[in-house]
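Engineer: need a structure here:
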Amino acid sequence: MSDNKTSQSRPLRSARWFRKDDLPGFVHRSTLAAAGWSREDLMTRPVVGILNTWSDINPCNLNLRALAEEVRTGVLEAGGIPFEIPLMSISENIIKPTSFPFRNLLAMEVEETLRGYPFDAVVLLGGCDKTQPALLMGAASARTPFVFLASGPATPRSATGGQLANATGVWRLIDQLRAGESQCDFASFERSVMGTVGHCAEMGTASSMSAICEALGVALPGSSLVPAADRRRSHCAREAGRRSVHLASEGGPRPEEILDARAFDNAITLLCAVGGSTNAIIHLLALAGRVGVPLTLDRFDEIARRVPLIANVQPAGEHLTERLMTAGGVPALLKTLKPLLHLDARTIDGRTIGEIIETAEVLDAEVIRPLHNPVKPGETLVVVKGNLAPDGAVMKACAADPKLFRHRGRAVVFENVQTIADRIDDPALGIDEHSVLILRNAGPVGAAMPEWGMLPLPRKLLERGVRDMLRISDARMSGTAYGAALLHVSPEAAIGGPLALVRDGDIIELDVPARRLQLCVAPEELERRRREWQPPPRVHARGYRKLYDQHVEQAHLGCDFDFLRGANEETLPEGLFDGWVGGW
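Structural biologist: Next up, the predicted model:
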């Protein structure tokens, strides 16, 4: 191990933790000696936590076990002391009913882990959709300096016509099968679609969030898009370990010193430029709430109006994230976006965003387009409001048919996702291509906000060549999906939002240029319906899901818990340990 002794601008937190001379002998024996570190080590060297969401059941995070060892090596090389801590692993592919509510649970675990253990800095290892924002939220609340490192995108299999994105390919194949346009053996496709470890290789939520971390300044430059199976990801992990020691030795910067309004503006700018997941909107709102930045949906719409889609990546474009990386990666994207960024925003790299992008270069102008030659015209994300969504709803406009941006049609209402499965192909339902499909009771309280927002189209319309319809819900949609879906309608139906009052046959009017979503029903009729409305019964009588239902905020606030917004001195209770370290 290196004998590096670095100067500290702030005292090491771990040194204060272990400083007392009257530590009980059993603490020395079982805690210090068993770990292989002397008391002198712990008082003079930075202690770095490696927070790892690896799990056998989470394919996106399967390589994190190996990356943790590389981080450990980097920490040791820089003179620090590494301790690896296992955390809950949330698998988007498998966990029921949806991964989304467990984001807040993992965020709480991260925060309490950092409050309880004497880490001077941490490296956060996550990959699958909700592990990434959960790690950021928890570490931000604990106010502990951190470096974020994602597992990296998978390397998908090749298919006729090019590489096949993990999940976007699934959605497209399902549409083709239901329309009778493909004779593909779905079981065979399923066995081969996920070729390696790592998260989805298109600009789904995982790729969106990991790229955003570079724009936020909490990940190392160029680290987000290196494939999970690429040896260069191990190099990123080792460098993350080294950087964490520098953060600890220098006393920061702490999360709140990086995650300011400038950082969030830069993150939103990148999100729009890559046509990223609408889920990232919820996660950024929640993260901003943790550090006291007054971020709103209106700010997303303001920035989206001026940022073109310049990353030619699925699902809005053609290519996968590995091609984006070889084109110059996030640093090159940020350099292209230079006129739209806060260049003085700080990063954990020790440089500003402006300094980082000085040496970046666009290596493939087909994949990273110039601002004047975007992949598609118009905004990538839009926020609409109106009497159907007083607090807002969002749409990934770059993945929708522009013909639906001004649309007027009759509502076909589904109370839950099972009703859709049972009725969507019923010829008697009376759906045509002008209909507006409504799904409700799928918001944060109603159903923990699953990714049901991309409602399936009726088979009879698919067979006629219809590929997009207007769909409205209080649910989310996978970042790998596409279609004219208005999502995150707030307030949700389950708490009495206007979506609860829609009836079959009501006229819905969408005007994207005007940012308006209107339920064309007389106010007095809506008031009558409101008086008759009864909230759906709450089904969770105990445990975490009951806590979730009681305290989760609405989508326009980020769906965090109301008691976790902001930070106070209690988040770093070092004064409690001046005289006692604790014990059994």
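
Engineer: lowest-pLDDT helix or strand in the chain?
Structural biologist: Using mean pLDDT, DSSP states H and E, helix 25-27 stands out as the lowest-scoring helix or strand of the chain, at a mean of 44.

Engineer: mind listing what's buried in the helix ranked longest in the chain?
Structural biologist: With DSSP state H applied, the helix covering the greatest number of residues in the chain is identified as helix 231-250. Residues of helix 231-250 classed as buried: 233-234, 236-250 (neighbour count, 16 or more other C-beta atoms under 10 Å). Every C-beta, even on glycine, is put in place using the N, C-alpha and C of the backbone.

Engineer: what about it, average pLDDT?
Structural biologist: For helix 231-250, the mean pLDDT works out to 96.

Engineer: alpha carbons only: can I get it in CSV?
Structural biologist: Backbone C-alpha positions of helix 231-250 (Å, rounded to 0.1, in the frame of the first residue of the first chain) are rendered in CSV as follows:
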residue,chain,number,x,y,z
ARG,A,231,-11.6,-3.5,-20.0
ARG,A,232,-11.6,0.3,-19.9
ARG,A,233,-14.4,0.2,-17.4
SER,A,234,-12.0,-1.4,-14.9
HIS,A,235,-9.6,1.5,-15.6
CYS,A,236,-12.5,3.9,-14.8
ALA,A,237,-13.2,2.0,-11.5
ARG,A,238,-9.6,2.2,-10.4
GLU,A,239,-9.5,5.9,-11.2
ALA,A,240,-12.7,6.4,-9.2
GLY,A,241,-11.0,4.9,-6.2
ARG,A,242,-8.1,7.2,-6.5
ARG,A,243,-10.3,10.2,-7.0
SER,A,244,-12.3,9.3,-3.9
VAL,A,245,-9.1,9.5,-1.8
HIS,A,246,-8.4,13.0,-3.2
LEU,A,247,-11.9,14.1,-2.3
ALA,A,248,-11.5,12.8,1.2
SER,A,249,-8.1,14.3,1.7
GLU,A,250,-9.2,17.7,0.4
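
Engineer: so what does that helix touch, helix or strand wise?
Structural biologist: In terms of contacts (3 or more C-beta pairs under 8 Å, 6 or more residues apart in numbering; DSSP states H and E), helix 231-250 is packed against strand 47-52, helix 64-77, strand 121-126, strand 146-150.

Engineer: just checking, what packs against the second one?
Structural biologist: In other words, helix 64-77. Contacting helix 64-77 under the criterion 3+ C-beta pairs under 8 Å, 6+ apart are the following elements: strand 47-52, strand 81-86, strand 121-126, helix 231-250.

Engineer: report the angle between the first one and strand 121-126.
Structural biologist: In terms of direction (axes from the mean of the first three to the mean of the last three C-alpha atoms, to 10 degrees), strand 47-52 departs from strand 121-126 by 10 degrees.

Engineer: and for the longest one?
Structural biologist: Counting by the same axes, to 10 degrees, helix 231-250 points 150 degrees away from the direction of strand 121-126.

Engineer: distance from helix 231-250 to the middle of the chain?
Structural biologist: On the basis of C-alpha atoms, centre = their mean, to the nearest Å, helix 231-250 sits 22 Å off its chain's mean C-alpha point.

Engineer: also the second one?
Structural biologist: Computed by C-alpha atoms, centre = their mean, the chain-centroid distance of strand 81-86 equals 24 Å.

Engineer: which is the next helix or strand following it?
Structural biologist: Tracing the chain C-terminally past strand 81-86 and defining elements by DSSP states H and E, one meets helix 101-116 next.

Engineer: what do you get for the longest one?
Structural biologist: Helices and strands here follow DSSP H and E; after helix 231-250, the next one along the chain is helix 255-258.

Engineer: which residues does Ala229 contact?
Structural biologist: Asn63, Gly152, Ala154, Thr155, Thr196, Val197, Gly198 (C-beta atoms under 8 Å, 6 or more residues apart in numbering).

Engineer: repeat that for 6 Å
Structural biologist: For Ala229, the contacting residues are Thr155, Thr196, taking C-beta atoms under 6 Å, 6 or more residues apart in numbering as the criterion.

Engineer: doesn't it lie inside a strand?
Structural biologist: No. Following the definition DSSP: H, G, I helix; E, B strand; the rest coil, Ala229 is coil and is not counted among the residues of a strand.

Engineer: can you tell me how far it is from Leu51?
Structural biologist: Here Ala229 is placed at a distance of 23 Å from Leu51 (C-beta to C-beta, to the nearest Å).

Engineer: swap in Ser435?
Structural biologist: To Leu51, Ser435 is 47 Å away according to C-beta to C-beta.

Engineer: which one of those two is surrounded by more residues?
Structural biologist: Ranked by neighbour count (other C-beta atoms under 10 Å), Ser435 and Leu51 place Leu51 first, with 27 against 21.
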